[in-house]
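K.L.:
no FASTA, just this:
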């Protein structure tokens, strides 16, 4: 009996369903992009707006929202092709706006990988959906990178300087890392493993945030001494969006709805859960209390650490990585930060250096140790890639991971510094003291909470004593105090 292909799966039904289009892959890729977008808006908008002191809630949330919008426009006008277009030293800048370009089958033209004799080792990356899907998927990754960077600068960066900083950093920092590791640059062809952005996104945002924090300068002394979150429950809502959105973050990077995508999503959740638990246990052991903010930090370090390895390692390795991501960044944040003068001197508001730079570099190195050969063959352009525990060329892979991370660190530290110095010529990087004292009302003319009634301004004579610095019998400890 002859089988009939259902009408819904037949090609050439219209010009909008070409033969090369895989509807399942296209649907998953757009869903994955939406999940990553939700991590930023509203995920990090909510998290930033609630984890900071009340007087900075609006400003912190708006820095994230503004960055998302600015990146989208810059991305389609010039930055996408700098990251994933034709090679011109790095990516060749150009618009991704015309239908002729956006409706054709997606392709990353610089990703064809050759043997030393010139024969093709791995064909060009050509997913079975249109360029429009690829452009948007990569756009939300670029946007969240800039927003993560902002976590180092909350509570004092001049909002006008931030507006100038965002397109410059996207253009001269993010696109270089993205092309080098993903778009067909030298690290991609050398075989450095970065499954979903441990280096491109997290290491770069952590280093760039820490560098920018140095040039911007610290928060006010009062804010540095006490910076309580204004809404811990709302912070957990933002953290939840971040965690569950990571299914798109790591699950979308095989560029298909395939078996490796499933592996990546499962590993992501295993590592995040393990890391959260380990961080919490360490808080209980050393500070006698399970810090909620500490648990969120542990969740984030687990998500970051597994990102470069998500579809390349086995489940047991994800647990090991979770144990290390819950302990190593905990040690750098809670112990080393207080003892190392440089870390203590630079005011990294949310500890992005620890949660993203340390965890991202750690994840990259561990990827070079635990990457499983069969899983590597499903994703990587360099055949016979493997981690150190599997012998063969695995030892060399660890060195490649170290070198790749070192390049991202060096480039972001130097170029971010140059960008800050350029912006500083035009605008002050730090808010004036009056704005630092007052906060949102001085910067935006708006406040997060109408605590005193409809449109009614706070009056100490009518409403009694109020301060962000809520009186406590004992000073807070653990991760809360650090943040």
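P.N.:
Received, thanks. From a predicted model like this one, the values you see are computed outputs, not experimental measurements.
K.L.:
please name the bridge partners of the residue nearest to residue 217 when sequence neighbours are not counted.
P.N.:
Using CB to CB, 6 or more residues apart in numbering and skipping the chain neighbours, the partner closest in space to residue 217 is residue 430 (4.9 Å). To be clear about C-beta, it is placed using only N, CA and C from the backbone, and glycine gets the same treatment. Beta-bridge pairing of residue 430 under DSSP bridges involves residue 157.
K.L.:
contact partners for residue 430?
P.N.:
156-158, 216-217, 436 (CB atoms under 8 Å, 6 or more residues apart in numbering).
K.L.:
looking at those residues, which is nearest residue 286?
P.N.:
Set against residue 286, the nearest of these by CB to CB is residue 156 (29.7 Å).
K.L.:
low-confidence bits of the protein, can you list those?
P.N.:
1-13, 451-483 (pLDDT under 70).
K.L.:
hey, which helix is longest across it?
P.N.:
helix 394-426 (DSSP state H).
K.L.:
now do that one: which elements does it pack against?
P.N.:
helix 159-169, helix 175-178, helix 186-190, helix 204-216, helix 359-370 (3 or more CB pairs under 8 Å, 6 or more residues apart in numbering; DSSP states H and E).
K.L.:
remind me what the third one packs against, helices and strands.
P.N.:
The helices and strands touching helix 186-190, judged by 3+ CB pairs under 8 Å, 6+ apart, are helix 394-426.
K.L.:
the helix it packs on versus helix 359-370: what angle between them?
P.N.:
160 degrees (axes from the mean of the first three to the mean of the last three CA atoms, to 10 degrees).
K.L.:
and residue 18, how many neighbours?
P.N.:
14 (other CB atoms under 10 Å).
K.L.:
can you start the count at 2 instead of 1 from here on
P.N.:
Will do, 2 is the new start, and the previous item becomes residue 19.
K.L.:
which secondary structure element is home to it?
P.N.:
Assigned by DSSP states H and E, residue 19 falls within no helix or strand.
K.L.:
would you map the strands across this structure?
P.N.:
Shown for the chain, the strands assigned by DSSP state E span residues 88-89, 91-92, 114-115, 121-123.
K.L.:
turn the ones you listed into CSV, columns for mean neighbour count and distance to residue 138.
P.N.:
Listed next are these as CSV, based on neighbours: other CB atoms under 10 Å; distance: least, CB to CB, whole Å:
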stretch, mean neighbour count, distance to residue 138
strand 88-89, 13, 21
strand 91-92, 23, 16
strand 114-115, 16, 21
strand 121-123, 13, 21
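K.L.:
could I get these as CSV with distance to residue 45?
P.N.:
Compiled in CSV, those are given as follows (distance: least, CB to CB, whole Å):
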stretch, distance to residue 45
strand 88-89, 32
strand 91-92, 26
strand 114-115, 35
strand 121-123, 35
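K.L.:
for residue 351, find the nearest of those.
P.N.:
Here strand 91-92 is closest among the strands of the chain (CB to CB), at 30.2 Å.
K.L.:
hang on, residue 412 packs against residue 176?
P.N.:
No. Residue 412 is beyond contact range of residue 176, at 11.0 Å (criterion: CB atoms under 8 Å).
K.L.:
okay, those two: which has more neighbours?
P.N.:
Neighbours per residue (other CB under 10 Å) separate residue 412 from residue 176, with residue 176 holding more: 26 against 18.
K.L.:
make a ChimeraX selection of the buried ones in the contacts of residue 431.
P.N.:
Selection of buried members from the contacts of residue 431 for ChimeraX, criterion 16 or more other CB atoms under 10 Å:
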select :157,158,159,217,437
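K.L.:
the contacts of residue 431: which two are farthest apart?
P.N.:
So, the contacts of residue 431 by CB to CB: farthest apart are 217 and 437, at 11.6 Å.
K.L.:
overlap of the contact sets of those two?
P.N.:
Joint contacts of residue 217 and residue 437 (CB under 8 Å, 6+ apart) are 157, 431.
K.L.:
give me the distance between the two termini of stretch 107-118.
P.N.:
28 Å (CA to CA, to the nearest Å).
K.L.:
what residues does it touch?
P.N.:
85-88, 92, 121-128, 130-132, 134-135, 180, 183-186, 189-190, 256, 382-383.
K.L.:
what does stretch 208-217 give?
P.N.:
149-154, 157-158, 162, 166, 170, 174, 347-350, 353-354, 357-358, 409-410, 413-414, 417-418, 421-422, 425, 430-431.
K.L.:
tell me the buried residues in that stretch?
P.N.:
Buried, per 16+ other CB under 10 Å, within stretch 208-217: 208-217.
K.L.:
ok now that stretch, how far from the chain's centre?
P.N.:
16 Å (CA atoms, centre = their mean, to the nearest Å).
K.L.:
can you check stretch 297-311 too?
P.N.:
Per CA atoms, centre = their mean, the centroid offset for stretch 297-311 relative to its chain is 10 Å.
K.L.:
thinking again about what came up before, quick one, which of the contacts of stretch 107-118 are buried?
P.N.:
85-86, 92, 126, 128, 130-132, 134-135, 180, 183-186, 189-190, 256, 382-383.
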